[in-house]
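>>> pasting the sequence and the predicted coordinates here, then a few questions.
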Amino acid sequence: MSTHDDQDRIELLQGTLDLLILRTLLLGPAHGHAIAKAIERNSEDVLQVEQGSLYPALHRLIKRGWISAVDGTSENNRRAKFYKLTAKGKRQLTVETTKWEKLARAIAGILRPANQEGKL
């Protein structure tokens, strides 16, 4: 259960979710539930990944060749698909991270123009 209210959570944009999945899988293979929980935990429960967004994103990333999937057994002894970052996915993670950082700088520049610092 989350420690934050639902109003404190932020809905992810499609491209952002792809980036977060790729970054999470950089740490090693994981099943879908573990990916979602890692994103939530690492965002201090601000970002919530719903199954209705997660699994289409995973399928999209497989189709692009950025991740692969194999059947396995989860830590609670249930059948699960484990997703793994591919070499192509590692390269794409670098591209997506660079694009995200550029976007974040641009938005920050609009939200806090140099001559307006501290006036909000």
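Great, that's in hand. Residues are numbered from 1 along each chain as shown.
>>> could you measure from the spatially most central residue of the chain over to R105?
Nearest to the geometric centre of the chain sits L20, at 1.9 Å (Cα atoms, centre = their mean). Note on L20: its distance to R105, by Cβ to Cβ, to the nearest Å, is 19 Å. The C-beta positions use only the backbone N, C-alpha and C, and glycine is treated the same way.
>>> do the same with L19
16 Å.
>>> ok, R41 next?
Distance from R41 to R105, by Cβ to Cβ: 26 Å.
>>> same check, this time on H31
Counting by Cβ to Cβ, the gap from H31 to R105 is 34 Å.
>>> and A34, by the same measure?
31 Å.
>>> all the helices of the protein, residue numbers only.
Using DSSP state H, the helices of the chain run over residues 14-25, 32-42, 51-63, 87-111.
>>> and the third one, what's buried?
Buried residues in helix 51-63, defined by neighbour count with 16 or more other Cβ atoms under 10 Å: 54, 57-58, 61-62.
>>> repeat for the last one
Of all the residues in helix 87-111, those buried under the rule 16+ other Cβ under 10 Å are 89, 92-93, 96.
>>> out of those residues, which comes closest to L111?
E96 (22.0 Å; Cβ to Cβ).
>>> so for the closest one, what's the pLDDT?
Confidence at E96, expressed as pLDDT, is 92.
>>> skipping adjacent residues, who's closest to it in space?
L19 (4.5 Å; Cβ to Cβ, 6 or more residues apart in numbering).
>>> so who does that neighbour touch?
For L19, the contacting residues are 93, 96-97, 100, by Cβ atoms under 8 Å, 6 or more residues apart in numbering.
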